[in-house]
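>>> This is a predicted model, with the sequence first.
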Amino acid sequence: MNKTSGSRRGCSTLLNELETLNRSLSSRGIRPQAWHSWIKPFGKGSALVAEIGPAGDLVRVSLLSPEEVAFLQNIAPDNQNSFPGFNLNCPLLRLDDLSLWNQPEAQWQVSLAATQQSPLAYEPKDIRRLARLLRDFPEQEIAPRLKGATGPKVQATLALLTRLAGAEPEPETFLRKLSRHIVLAAQQACIPRELALAVLYGRPNKKKAQLESWKITLILDVADLDAFPYRVADPAVPYEWSTALLASEPGSPASAPGASFVCGLSGQPDSPVGDKMPNPKLPLLGFTYLMSMNAAIPCQRRYKRTSTEIFPVGTRSVQRLLEALRHMTEDSRQHKTWAGVPNGFKDRRDLLIAYLEEEPVADVPVVGLFADADPDATQDLATYEARTAQIHAALRRLDRPGRDLHIRVIALSQIDKGRTQVVFSGRYSANAIYQGRDKWLAGARNVPRVATPFAVAKDKPAEWHSNYQPSPAEVMASFKMQWIRSGQQKKAVVENKSVPGVDLGRIYALMLEDDAHQQAGWLLERYLPLTVPLLIGLARPLSGRAKLPDSARKEALIVIAVYGILLLRQGRTKEVYMKNRDYLLGQFLQLADRLHKLYCVHERKGSIPPQLIGNAAISMAMQSPRRAFVVLSSRMAVYLAWADRSQDDDAGWVKVELGRISALLHGQDLDQRVSSNGKAELLLGYLANIEESEKQESLSL
């Protein structure tokens with residue numbers, strides 16, 4: 001089946017998409033490593049380690065580097081509870097003399113004089129939170145679930161839980177001891193003094209001229225590390241925690257007499273997942289609830305149910321979904337099964353997951369068909385065709401007679417901290433992918449040659465590039481650029497600004513859906529106001545004035561290709577539109593600029609104005625072709641007269657070309673308004689290299 005199917009509505013639930021992924025993995029006999037939903041990675045950055053002795057007291061403080069923390073995991077059922085690590089609110093101590101905010105030596109002397117009676121910087125609510133993290137949560141939630149765990153990897157964890165339960169540390173006492181041990185660690189050069197002072201008194205903010213609060217990860221561990229085969233903060237330990245947590249979950253209700261709960265996803269007997277879904281930490285999005293609804297919003301209770309009540313799912317089913325999601329978004333699978341794509345409306349990236357339904361773990365980076373890999377300077381101007389050639393070749397090697405391959409695509413966007421939405425989902429056959437790519441590339445080539453120079457190295461000639469083929473992700477990002485001031489970048493002047501873009505599915509529809517005529521027309525109307533100033537500025541350096549930076553010229557190549565794609569999807573081929581009025585009018589404007597420049601070179605001793613007459617008339621031509629033609633003709637009279645008596649070969653050639661274009665425009669309806677398609681075609685005509693000249697002068701930088 002070659003027909004594509006996709007959804008750009010937010011109604012598709014993440015649970016349904018993950019169930020499809022889970023079934024795809026199961027059908028191939030793939031069972032990802034089982035991880036309990038509470039096991040989550042720490043945030044990026046370094047971490048302090050509070051080492052607890054056999055008597056339950058704080059013995060020592062040490063530091064783990066960001067690289068070490070990246071391999072560790074935590075037990076965190078929600079954002080309020082976690083073990084053995086948690087966010088430590090800083091500062092710990094109150095600094096009475098606020099004038100010392102930028103005097104680290106004075107702060108250090110204050111820290112050396114700190115005692116067990118030094119005032120804390122914690123509010124009562126922070127004290128209650130710390131008490132929960134040190135005593136209540138480990139004792140009431142973690143210890144009962146891990147009590148059946150055996151083996152060397154969990155011995156230190158069980159010992160830590162026993163020590164905390166026996167000591168029942170008071171949060172105020174713990175904070176003061178922690179502060180003292182941080183000072184001792186800094187004295188022994190185990191912790192940088194700058195970090196110690198930031199934890200104790202806050203980070204200095206030069207703009208606000210004050211110390212500000214912040215957070216650092218604090219991990220509880222055993223002090224007598226040599227007494228245990230593995231410490232608590234060891235990368236090998238979390239899997240044992242996960243195994244014990246999974247074993248502590250309620251058993252299958254199928255074994256219980258009269259059990260009647262059936263999972264709405266699997267259709268199998270199961271135990272209810274409860275009133276809260278897991279929230280795994282996903283790349284780019286952070287902690288993400290698999291399903292969440294705000295019960296405080298009245299419409300959410302229209303049918304007397306909300307949250308997990310409206311979709312009865314089982315614990316084991318959710319666990320399998322979680323395992324499948326973790327598997328497909330592992331760090332090692334970046335740019336294979338997941339990548340970031342531009343968000344259509346906000347300055348952040350969404351998470352795109354793409355995989356082969358029949359071969360979900362095949363070594364084919366199918367996500368590269370929809371999203372770009374990390375920027376590579378050596379591939380900066382590599383086209384979409386070149387970047388995806390190997391992916392298509394790998395897909396074709398998987399083709400088998402009588403079997404259709406299908407690619408599933410899911411785009412997830414974070415609406416707010418509590419909600420993540422499926423903003424796009426689709427299922428495409430491999431044949432549809434092949435055909436869509438061919439249509440996309442044909443559209444990018446549906447433009448005349450517009451050559452643009454790019455600097456290579458000092459004292460080396462520029463490289464000329466044309467007919468760039470952008471990726472869907474590049475086009476998506478391009479729709480968020482509002483170009484101003486002809487794309488020029490000056491001091492204190494913004495080159496371009498971000499604006500709300502378009503829905504991700506609209507861009508994919510251009511490549512993969514058969515009927516995109518209306519879609520392309522709407523997109524072109526949306527795109528023109530954003531990009532016209534850039535393309536006008538692309539040709540302005542003909543005057544010898546301000547040059548566009550490479551980033552703007554690269555974007556101009558993308559814009560030109562998008563024009564070609566949008567025109568082709570409306571049935572406007574270059575073989576046809578290059579003979580029509582608007583394209584010819586653009587050529588006329590370019591030739592007017594050339595003649596004006598030649599006149600200035602010869603008659604004004606090379607003094608060229610900031611804007612030539614054709615460039616200045618583009619906006620007028622888009623509104624009233626006849627008026628622009630008449631005004632230009634009158635202004636060009638003096639330049640044409642000069643060309644008649646000039647011995648310059650270029651001037652003679654330009655005059656002949658102007659006559660040729662004028663003859664082609666004769667009889668055209670110059671009073672008819674310029675449509676959106678016509679504006680794009682006019683700009684393409686203005687920028688296109690007139691091949692008879694075989695010169696780059698029209699865009700010379």
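It's in. Residues are numbered from 1 along each chain as shown.

>>> excluding its backbone neighbours, what's nearest Gln107?
With sequence-adjacent residues excluded and distances taken as Cβ to Cβ, 6 or more residues apart in numbering, Gln107 is closest to Leu197, at 5.0 Å. C-beta coordinates here come from the backbone N, C-alpha and C atoms, glycine included.

>>> So that neighbour versus Glu657, what's the distance?
73 Å (Cβ to Cβ, to the nearest Å).

>>> just Gln140 next, same as before
Taking Cβ to Cβ as the measure, Gln140 falls 86 Å from Glu657.

>>> Just want to know which of those two has more residues nearby.
Relative neighbour count places Glu657 above the other of Gln140 and Glu657, with 19 against 12, counting by other Cβ atoms under 10 Å.

>>> Then the more buried one would be within a helix, right?
Yes - secondary structure assignment places Glu657 in a helix (DSSP: H, G, I helix; E, B strand; the rest coil).

>>> per-residue confidence for Asp593?
pLDDT recorded at Asp593 is 91.

>>> That one is in what secondary structure piece?
Under the assignment given by DSSP states H and E, the secondary-structure element containing Asp593 is helix 581-603.

>>> mind checking how far the helix or strand following that helix is from the chain centre?
Counting by DSSP H and E, the next helix or strand C-terminal to helix 581-603 is helix 613-616. For helix 613-616, the distance from its own C-alpha centre to the chain's C-alpha centre is 39 Å (Cα atoms, centre = their mean, to the nearest Å).

>>> on that earlier part again, what number of residues lie near the residue nearest to Gln107?
So Leu197, with other Cβ under 10 Å, has 24 neighbours.

>>> pLDDT below threshold where in the stretch 401-550 of the chain?
Across the stretch 401-550 of the chain, the stretches falling below the confidence threshold (pLDDT under 70) are 456-457, 462, 485-498, 540-547.

>>> on that earlier part again, wait, is the residue nearest to Gln107 part of a helix?
Yes - the assignment for Leu197 is a helix, going by three-state DSSP.

>>> residue contacts, it?
When contacts are counted by Cβ atoms under 8 Å, 6 or more residues apart in numbering, Leu197 is found next to Pro104, Gln107, Trp108, Ser111.

>>> redo that, cut-off 10 Å
Listed by Cβ atoms under 10 Å, 6 or more residues apart in numbering, the contact set of Leu197 reads 91, 95, 104-105, 107-108, 110-111, 182-183, 186, 203-204, 211.

>>> Ok, Ser213 next?
So Ser213 contacts Asn89, Cys90, Pro91, Ala121, Gly202, Arg203 (Cβ under 10 Å, 6+ apart).

>>> Quick check: the last one vs Ile75, distance?
Look at Arg203 and Ile75: by Cβ to Cβ, they are 28 Å apart.

>>> Those two: which is more packed in?
Here Arg203 and Ile75 are set side by side on neighbour count (other Cβ under 10 Å), and the busier one is Ile75, at 24 against 17.

>>> May I have the beta-bridge partners of that one?
With DSSP bridges applied, Ile75 shows beta-bridge pairing to Ile39, Phe83.

>>> still on that earlier bit, quick check: pLDDT value at the residue nearest to Gln107.
The predicted local distance difference test score for Leu197 is 96.

>>> That one and Asp96, how far apart?
Here the distance between Leu197 and Asp96 works out to 15 Å (Cβ to Cβ).

>>> wait, what's in contact with the closest residue to Phe228 other than its chain neighbours?
Nearest in space to Phe228, with sequence neighbours left out and distances taken as Cβ to Cβ, 6+ apart, is Ala156 at 4.0 Å. When the contact criterion is Cβ under 10 Å, 6+ apart, the partners of Ala156 are 84, 221-222, 224-225, 227-234, 237.

>>> Write the PyMOL selection for whichever of the contacts of Leu197 are buried.
One line in PyMOL is enough to select the buried ones among the contacts of Leu197; burial here means 16 or more other Cβ atoms under 10 Å:
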select buried, resi 91+95+107+108+110+111+182+183+186+203+204+211
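
>>> buried stuff in the helix holding Asp593?
Under the neighbour-count rule (16+ other Cβ under 10 Å), helix 581-603 has 581-601 buried.

>>> ditto for stretch 137-152
With burial defined by 16+ other Cβ under 10 Å, the residues of stretch 137-152 counted as buried are Phe137, Pro138, Ile142, Ala143, Arg145, Leu146, Ala149.

>>> Surely the last one is in contact with Thr157?
Yes - proximity of Ala149 to Thr157 meets the contact threshold set by Cβ atoms under 10 Å, at 7.8 Å.

>>> Strands of the stretch 1-150 of the chain, start to end?
Secondary structure of the stretch 1-150 of the chain by DSSP state E, counting those that start in this stretch: the strands cover 5-7, 39-41, 47-52, 58-64, 73-75, 85-90.

>>> Note down every partner strand of the longest one and its orientation.
Within its sheet, strand 58-64 is paired with strand 47-52 (antiparallel), according to DSSP bridges.

>>> on that earlier part again, how about a markdown table for the strands of the stretch 1-150 of the chain, with distance to Leu284 and mean pLDDT added?
Output for the strands of the stretch 1-150 of the chain, formatted as a markdown table (distance: least, Cβ to Cβ, whole Å; pLDDT from 0 to 100):
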| stretch | distance to Leu284 | mean pLDDT |
| --- | --- | --- |
| strand 5-7 | 21 | 50 |
| strand 39-41 | 14 | 91 |
| strand 47-52 | 22 | 96 |
| strand 58-64 | 24 | 96 |
| strand 73-75 | 19 | 95 |
| strand 85-90 | 21 | 96 |
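
>>> looking at these, which is closest to Ala520?
Of all these, the one in closest proximity to Ala520, counting by Cβ to Cβ, is strand 5-7 (16.1 Å).

>>> my guess is Tyr289 meets Leu14, correct?
Yes - under the criterion of Cβ under 10 Å, Tyr289 makes contact with Leu14 at 8.9 Å.

>>> For these two, work out which one has more neighbours and name it.
Neighbour count, other Cβ under 10 Å: between Tyr289 and Leu14, Leu14 has more, with 21 against 18.

>>> This protein - how does it break down into domains?
1-37+278-430, 39-247, 574-699 (automatic domain parsing).

>>> Tabulate those domains (a markdown table), appending distance to Gly267.
Formatted as a markdown table, the entries for the domains of the chain read as follows, by distance: least, Cβ to Cβ, whole Å:
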| stretch | distance to Gly267 |
| --- | --- |
| domain 1-37+278-430 | 9 |
| domain 39-247 | 22 |
| domain 574-699 | 51 |
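
>>> Extract the CA atoms of the helix or strand harbouring Leu246 and return them as CSV.
For Leu246, the enclosing helix or strand under DSSP H and E is helix 238-247. Taking C-alpha atoms only, helix 238-247 is exported to CSV below (Å, rounded to 0.1, in the frame of the first residue of the first chain):
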residue,chain,number,x,y,z
PRO,A,238,20.0,1.0,39.5
TYR,A,239,19.1,-2.2,37.5
GLU,A,240,19.0,-4.1,40.8
TRP,A,241,16.7,-1.4,42.2
SER,A,242,14.5,-1.7,39.2
THR,A,243,14.3,-5.5,39.5
ALA,A,244,13.3,-5.2,43.2
LEU,A,245,10.7,-2.5,42.5
LEU,A,246,9.2,-4.5,39.7
ALA,A,247,9.0,-7.6,41.9
